[in-house]
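Visitor: Here is a sequence with its predicted model. Questions after.
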Amino acid sequence: MPYVIPDVVDVKQRKTDIGPPHYKNFLPPVIQKNYGDWKTHEILSPGLMVHIANSGDKIWTVRVASPRLLSTDTLREIADIAEKYCDGYFRFTTRNNIEFLVSDESKVKPLMDELADRKYMIGGIGSRVSNIVHTQGWIHCHSAAVDASALVKVIMDEFVDYFTTKETPNKVRFAVACCTNMCGAVHCSDIAYVGIHRKLPRIDHDNFKNLCELPTTIASCPTAAITPDPAKKSIKINADKCMYCGNCFSVCPALPIADPENDGVAIVVGGKVGNLRKPPMFSKLAVAYLPNNTPRWPEVVKATKKIFDAYVAGAKKHERVGEWIERIGWEKFFAVTGLPFTFQHIDDWTYAFKTFRTTTQIKWTK
Amino acid sequence: MPYVIPDVVDVKQRKTDIGPPHYKNFLPPVIQKNYGDWKTHEILSPGLMVHIANSGDKIWTVRVASPRLLSTDTLREIADIAEKYCDGYFRFTTRNNIEFLVSDESKVKPLMDELADRKYMIGGIGSRVSNIVHTQGWIHCHSAAVDASALVKVIMDEFVDYFTTKETPNKVRFAVACCTNMCGAVHCSDIAYVGIHRKLPRIDHDNFKNLCELPTTIASCPTAAITPDPAKKSIKINADKCMYCGNCFSVCPALPIADPENDGVAIVVGGKVGNLRKPPMFSKLAVAYLPNNTPRWPEVVKATKKIFDAYVAGAKKHERVGEWIERIGWEKFFAVTGLPFTFQHIDDWTYAFKTFRTTTQIKWTK
Amino acid sequence: MTKKYDTPLLDELEKGPFPSFVTEIKKAAAKSAMAADELGQLEKSFRDKVTYWKHGGIVGVRGYGGGVIGRYSQLADKFPGVAHFHTVRVNQTSGLFYTSETMKFFCDLWDKYGSGLTNFHGSTGDIILLGTVTENLEPLATVLSMNGFDLGGSGSAMRTPSCCVGPARCEWSMIDTLDITYDLTQEFQDELHRPQFPYKFKIKTVGCPVDCNASIARADLSIIGTWKGPIAIDQDKVKDYAKKGMNIQEEIVNMCPGKCITWDGNTLNINNADCLHCMHCITKLAGALKPTPPFGAVILIGAKAPFVIGATLSWVIVPFMELKPPYQELKDMIRNMWDWWNEYGKNRERIGELIIRRGMREFLEVCGLEPTPELVREPRNDPFWFWKEEDFEKKPWEEFLK
Amino acid sequence: MTKKYDTPLLDELEKGPFPSFVTEIKKAAAKSAMAADELGQLEKSFRDKVTYWKHGGIVGVRGYGGGVIGRYSQLADKFPGVAHFHTVRVNQTSGLFYTSETMKFFCDLWDKYGSGLTNFHGSTGDIILLGTVTENLEPLATVLSMNGFDLGGSGSAMRTPSCCVGPARCEWSMIDTLDITYDLTQEFQDELHRPQFPYKFKIKTVGCPVDCNASIARADLSIIGTWKGPIAIDQDKVKDYAKKGMNIQEEIVNMCPGKCITWDGNTLNINNADCLHCMHCITKLAGALKPTPPFGAVILIGAKAPFVIGATLSWVIVPFMELKPPYQELKDMIRNMWDWWNEYGKNRERIGELIIRRGMREFLEVCGLEPTPELVREPRNDPFWFWKEEDFEKKPWEEFLK
Ligand code: SRM
Ligand code: SRM
Ligand code: SRM
Ligand code: SRM
Ligand code: SF4
Ligand code: SF4
Ligand code: SF4
Ligand code: SF4
Ligand code: SF4
Ligand code: SF4
Ligand code: SF4
Ligand code: SF4
């Protein structure tokens, strides 16, 4: 396909609703030939795997890390590398890594050498840490209580060996969401971070009537803390009911909630999405709040290390973080990580009592 | 203690708040001596066990079934038997069986012989069916959608061998509640019955204002189906929201809901209260409705037999009904019992979505 | 003497091996007009498939706000014997122990003042004396108290506490269930007899996690014995079980929820650090294994029937409390929670419902309890929660950085 | 050329081994004033610990209701390059495959019309072109369409469907994830580009229960491949695994949730009737085990982020659906559910929330689906439920008595 970018664009001529191009256009010939007819695969090293078709054909995949936020310079470089070793074919993974798709075995090693030379980080395949699913943060979103890319960077820097070489009992999926809208996969990740507020939204009564819809604003509140304030043609917030979630701000700009002193990060753990062994699980609260200590959030990194190291030390092979915790029990989780258990850990929202312990089955930890 | 019932009673002399007599007064001497100092017990036959104290002392317990609804004639007979063999000592169990407490081994066999002669049903100890926890029914309660004692009788008649001789994989705890107030232990029993309605309460507007309190009546409705009808000084019921639970009738006699044609019995299964192996479990809906076919509810007996037989055939030793179902899965439960699965089985109340299946883990049954 | 009714439907329920409640009513009916009319009305209920009792009706005895369930027939004309047919709830003895003398006293009492029909016992635990008339209530209560018995609970009151047989005849009881029940009943006579709460409040005590009194499912306050020491093992007895045919691997090891038992055919090993204190191995290997001290109880709150929020099982609020007379810590805690419930509870709101409405934190703080992971099955999942000003002062992460 | 800012805080994030997003912004900043001001504003955010983007702002392209996220700086005076900084969402290719040529086209396009910063990809799956001004939107969209690309979704619309790599490079894919995604995207262009729903609607398709695209957690409609046939076993390959040191008992047998595998050191046996189709054994013994036909998909509904009712995972609504082009049954079902949602859904009410509000029965009936036990983790527990008149006619118990 020859791509064109004319100097002068006639916007009237634009076609609509053509949808994306057909995927066949982007598949390497060996994939087109063996589409749906793969036999097996082997993981040859942390960043290299080969898929073998029933026909005997093979395709090698070399995976490298990506910060997801990519400049066109970097993208061009990737394209160049793909041209050199992969006939131009490459893909991204659902976790934002880059996969070079090599059809010719002899090109695998040279590709990996060049990637290494250029300081690409090869790895992420198999039972280890892969890239972190994340969101916009302060780079682009009005709603962010924390930056997302920075958290990814500091966590991956800490656990980088587990991307490139070391193994974990099973895959460890990290995720970051910069606010409770949770555009990342936070609610079902092994270890995840979510930006939170801890103070009431500030009501800008003057702007409310211009910028916000009353019913939508009221309906947005998960705790029904918002009621109309007819006198002011605005709203009231019941401070006792507000959980600082910020959903009212999502629908109404006149309710800013960001607060540099009190915003920060919560850590949730033990979620997963796959159906292997245990059904998919939600992440649960491990640390209710850590401060936004820019630029490298040392408390977040430390707390994560406590969780991660305890998991690596304690889990059986193939156990995900949540499976390990379920087996040892939450009381042991808090004991072995040394993380404090606070009132915030005890649910008090709509389905709270479904999380209370309704058994005398308890392990003594002290 | 010499008990007195004077011919003329001076009600002014009554003492209040004395509480029950001290339990020590009712304990056989061997129990008083070895109180809190038991070593072990042995189940010698389905209705006989012996408890052995660290001192070497023993006490034998002979258990017989009771319909719980007892006439003074029968109670006197029981007292006489206890006098003859047990120095007058006996007790009831938390499931309403009668336990004769024998301190003298030589009296055990004669006691059991006499009980058998008098057609007492000996059994219920160990891994089998015991008596059915139940409620008042048409014998005494204004709220009953079904009779309780009759259900107990017909179910126990059916499974009587499992009380007197045969074993089950683990104890099978039956319960009956005649309405959704559930004065029995229905919500946590292996197999249980609850009387239900299927039609709207009928509003007696004339009596409402005399007999009922508006806020209490509104608050009683679990689905918020009740709203005020100021014109009539009464209430309205939103037919789309009413689940026929009858709680409004509990607080307001002007809302009769009983309906001979449509009332009946639901069967719930798989609950338990003990903490052994699995934490306590709620019972879940197995059969949404069976008709009140007095006097012996043949459909209820048949449906129960399907469940009971499948459990006995399929469960591992020590598995309770709920543990067996959890292991095989609900889809298999419905397949092996042949019970129909209907829309009523799918929760649509407050916590409904917590019961939906959030995994692709499925067993194929056809 | 008493009226006779044809009862073809009920007669069907005298057939079959299990003891028949119909036979019991007939026995009473032979002597009591009330019981006879009960039988007649019941036959009609079976024919018409509907109850014929009127809704409610308040009756009671002087100085008490409960203990009697008023009951009137809708068919008083046809069955005058049950025009009134009230129930008297009598506080049972701890552990449901009786002597023949006591039982005969109850029989005499009830033949004199009631229908001759009883329930041993009601679901809550009371002795249920079924069917009497309003006039008999005062003398009945007086004779009861002369003989050392007292009424049980009804209405928005503490209800008659009850327990399992416990230390009286069970080797596994780790707390004195009978004594706790007796002591609490005596301590809270006023709360038992004079409804003063938003709704009913039930206490059930059992000696161990087997829970032979369904405490966790049917009591607002569940007190369940447990232990902290290791499980003592008599290896010879374990081997005996194996010899007698028990498949220890299948029946014990594989069924242990803590996955903390091993068995090599010779020796049973328990990793007590992972034990969940479920009682499975101990009960199935009765005599071979036993819990060791410290003994105490798990305290749980909130079980109830389905209205209005759905049935609940009790929730752990104290993972381990030592329970020695006079049980002061327990009593103080109970009073604190009642004060709070009385202050905030709505009419007909059980304490568990109030906890849901106002939050577990407030409840724990009222009771002077700490948050600990033992209280939850799992921590919350959705990322919204409350902060109090005092929380901002705590900076537990400062620990991390050391 | 472009402005330079001191960025001491961000510079810290160029240290350490993982590729740095700050380096990426700096690269773009060297050429683009927008990217340069992005860097400047971001440093300020890091200093002040707060975001400096304004709330919302609607921008778009003619004929489309979505695909662009309007974004304006609060600090336009200080950082004029990001006064406008809109995001353009471009519908990605199924499976996220690219050629170098295509990628270079995107680079040229974005250097011309935008900041030079991108995300490959957004969480929903779109190509994210980060940072452009309103004037550039029309020409950008035109050039995209000239070259065969189109905008993705935003707002209350169907969002860009996405999938796992599936049959393109995975031996376990039991449905054609790429084709289903492409076909549905083409079928529902109008719903993708013109918001007409109460709220957003996401579709994610994966080839098997491993769910490499988090479909069950992040899609209103989750389509997950599965199988009905037995698991085929290559015993030699299993033995190879054992030889290479895999502890088959521990790692496979004990971890099987169906408890349906046995291993005697020589032969692996699977009782397929108890298999839960979880994929554990198949993935861990890659090459030795494989699923066999019939192949199809489990269809699930309702996953979403926490607002307003708490995060949900999708719920099974069809235990097994064959999925062959043109996927008519699936498309009809989707249209039916959308009609219902459009009729009853409130503003900002996801379809899962509507199902909770109006009941699963109504939803199933609208979709023409039957109640089956596979839809629930467990049947309801509390004893209140609805009856419809038509239910009274069915008397399934008449079967029992035969
Ligand atoms: C490339 C990718 C699909 C795509 O369309 O892009 C992919 C590819 C493969 N996955 Fe995956 N998975 C991919 C995201 C996922 C996700 C989704 C996510 O993380 O958001 C999951 C679900 C995670 C969860 O449960 O929370 C996922 C859970 C798995 C598992 C299950 C692990 C477990 O036991 O729980 C396997 C099986 C295994 O590893 O044994 C697997 C296996 C595989 C195999 C071996 C499948 C195959 O035969 O090709 C592929 C290479 C394995 C590897 O990376 O270790 N893949 N895999 C995704 C790579 C993401 C990345 O860059 O790391
Ligand atoms: C007498 C009684 C206590 C009382 O204060 O009255 C009692 C007495 C004993 N129970 Fe119980 N249990 C009694 C009600 C219960 C209840 C409560 C209920 O059914 O409402 C339960 C909980 C049931 C549940 O989980 O839903 C109960 C669950 C058990 C179990 C656990 C069974 C299991 O594995 O799930 C054991 C242990 C065993 O049988 O191995 C047990 C064991 C025992 C032992 C062996 C304890 C002992 O060492 O003395 C006693 C005789 C066993 C027997 O009857 O088979 N008892 N037992 C109750 C007799 C009721 C009856 O008439 O049948
Ligand atoms: C007699 C007894 C049933 C029996 O045959 O054993 C009984 C009988 C009644 N119960 Fe009950 N309940 C009895 C134990 C229970 C239990 C079980 C327990 O205590 O272990 C429960 C479930 C546990 C709980 O407390 O939640 C129970 C939950 C109810 C409820 C629902 C309460 C709720 O919060 O949802 C009501 C409705 C009410 O309070 O208005 C109720 C109301 C009633 C009333 C008073 C009817 C009414 O609506 O006013 C019944 C009087 C029947 C009659 O005519 O004699 N009864 N009731 C039990 C009391 C005997 C005793 O004192 O020993
Ligand atoms: C760009 C992206 C994050 C990213 O960095 O990848 C994103 C960014 C935003 N999301 Fe999102 N969401 C993105 C994927 C998600 C996902 C994950 C997914 O789709 O797999 C979720 C969770 C799943 C779900 O749909 O529930 C998600 C749940 C939300 C919500 C909460 C929706 C809810 O029902 O609770 C909001 C709030 C809203 O809709 O107003 C939201 C709103 C937003 C807005 C539009 C902010 C707003 O309040 O208006 C963000 C714009 C940021 C910006 O300035 O660019 N975003 N959002 C993702 C879209 C990229 C793409 O098209 O590929
Ligand atoms: S998670 Fe919140 S702050 Fe982050 S991109 Fe999504 S809406 Fe914006
Ligand atoms: S922040 Fe959340 S809880 Fe507080 S008022 Fe706004 S929407 Fe309601
Ligand atoms: S369950 Fe209902 S009908 Fe039966 S005794 Fe209790 S309140 Fe009365
Ligand atoms: S029967 Fe139940 S659901 Fe119906 S109106 Fe009365 S309280 Fe509400
Ligand atoms: S609950 Fe425990 S202590 Fe009480 S009787 Fe049952 S087994 Fe014994
Ligand atoms: S008490 Fe229960 S958890 Fe503890 S060792 Fe025995 S079976 Fe295992
Ligand atoms: S979801 Fe299944 S089919 Fe798709 S890539 Fe993952 S393992 Fe392969
Ligand atoms: S797919 Fe899962 S459930 Fe089925 S046999 Fe394999 S491990 Fe067991």
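Guide: Looks like it came in fine. Computed from a predicted model, the values in this text were never measured in an experiment. Ligands and ions are numbered 1, 2, ... in the order given.

Visitor: can you tell me the distance between the two ends of stretch A:227-242?
Guide: For stretch A:227-242, the first-to-last residue distance is 12 Å (CA to CA, to the nearest Å).

Visitor: Buried ones in that stretch, by neighbour count?
Guide: Across stretch A:227-242, burial judged by 16 or more other CB atoms under 10 Å in any protein chain shown covers A:234, A:235, A:237, A:242. For every residue, glycine as well, the C-beta is placed using N, CA and C.

Visitor: Show me what the first one is bridged to.
Guide: Per DSSP bridges, residues listed as beta-bridge partners of residue A:234: residue A:229.

Visitor: Please report the distance of it from ligand 1.
Guide: Going from residue A:234 to ligand 1 by CB to the nearest ligand atom, to the nearest Å gives 41 Å.

Visitor: Next: the third one.
Guide: When CB to the nearest ligand atom is applied, the distance between residue A:237 and ligand 1 equals 36 Å.

Visitor: tell me the pLDDT at the closest residue to residue A:346 other than its chain neighbours?
Guide: Once flanking residues are discounted, residue A:346 sits nearest to residue C:360: 5.0 Å by CB to CB, 6 or more residues apart in numbering or on different chains. Residue C:360 is assigned a pLDDT of 97 by the prediction.

Visitor: Tell me how far the closest residue to ligand 11 within chain C lies from residue A:64.
Guide: At 24.0 Å from ligand 11, residue C:381 is the closest residue in chain C, using CB to the nearest ligand atom. Spatial separation of residue C:381 from residue A:64 under the definition CB to CB, to the nearest Å is 33 Å.

Visitor: If you count surrounding residues, which of those two has more?
Guide: Comparing residue C:381 with residue A:64 by other CB atoms under 10 Å in any protein chain shown, the one with more neighbours is residue A:64, at 25 against 22.

Visitor: mind listing what the more buried one touches?
Guide: Going by CB atoms under 8 Å, 6 or more residues apart in numbering or on different chains, residue A:64 touches A:47, A:97, A:98, A:100, A:115, A:120, A:121, A:122, A:123, A:124.

Visitor: Next up, phi/psi of the closest residue to residue C:176 other than its chain neighbours, please.
Guide: Excluding the flanking residues, the one nearest residue C:176 by CB to CB, 6+ apart is residue C:167, at 5.5 Å. Dihedral angles phi and psi of residue C:167 (degrees, to the nearest 10) take the values phi -60, psi -10.

Visitor: now swap in residue A:304 and tell me
Guide: Main-chain torsions, residue A:304, degrees, to the nearest 10: phi -60, psi -40.

Visitor: Could you find the closest non-adjacent residue to residue C:351?
Guide: Residue C:351's closest residue in space is residue C:341 (CB to CB, 6+ apart), at 4.9 Å.

Visitor: That neighbour falls within a helix, correct?
Guide: Yes: assessed by DSSP: H, G, I helix; E, B strand; the rest coil, residue C:341 belongs to a helix.

Visitor: Can you pull the domain assignment for chain A?
Guide: A:20-117, A:133-198+A:260-355, A:205-251 (automatic domain parsing).

Visitor: any idea which of the ones you listed is most buried?
Guide: Stretch with highest mean neighbour count among the domains of chain A: domain A:133-198+A:260-355 (a mean of 23; mean count of other CB atoms under 10 Å in any protein chain shown).

Visitor: State the distance from residue C:33 to residue B:74.
Guide: 19 Å.

Visitor: And residue C:65, how close does it get to ligand 2?
Guide: 29 Å.

Visitor: what's near enough to touch that residue?
Guide: Here residue C:65 is in contact with C:155, C:157, C:193, C:194, C:195, C:196 (CB under 8 Å, 6+ apart).

Visitor: who wins for neighbours among the residues you listed?
Guide: residue C:193 (26 neighbours).

Visitor: Report pLDDT for that residue.
Guide: pLDDT for residue C:193: 98.

Visitor: Need the nearest residue in space to it, chain neighbours excluded.
Guide: residue C:64 (4.8 Å).

Visitor: tell me, how many neighbours does the one you found end up with?
Guide: Using other CB under 10 Å, the number of residues around residue C:64 comes to 23.

Visitor: That one touches residue B:16, doesn't it?
Guide: Yes: contact criterion CB atoms under 8 Å: residue C:64 and residue B:16 qualify, at 7.0 Å.

Visitor: Now the common contact residues for the two.
Guide: residue C:193.

Visitor: Name the residue of chain C that lies nearest to ligand 12.
Guide: For chain C, CB to the nearest ligand atom, closest residue to ligand 12: residue C:254, 16.7 Å.

Visitor: Please report how far that residue lies from chain A.
Guide: With the distance defined as CB to the nearest CB, to the nearest Å, residue C:254 ends up 15 Å from chain A.

Visitor: What strand or helix carries the residue of the stretch 1-150 of chain C found nearest ligand 6?
Guide: Relative to ligand 6, the nearest point of the stretch 1-150 of chain C is residue C:124 (40.6 Å; CB to the nearest ligand atom). Residue C:124 belongs to no helix or strand when assigned by DSSP states H and E.

Visitor: which residues touch it?
Guide: Contacts of residue C:124 by CB under 8 Å, 6+ apart are C:89, C:152, C:153, C:159, C:160, C:162, C:202.

Visitor: Counting only strands, which of these make the cut?
Guide: C:89, C:162 (DSSP state E).

Visitor: from the contacts of residue C:124, which is closest to ligand 5?
Guide: Closest approach between these and ligand 5, by CB to the nearest ligand atom: residue C:202, at 46.0 Å.
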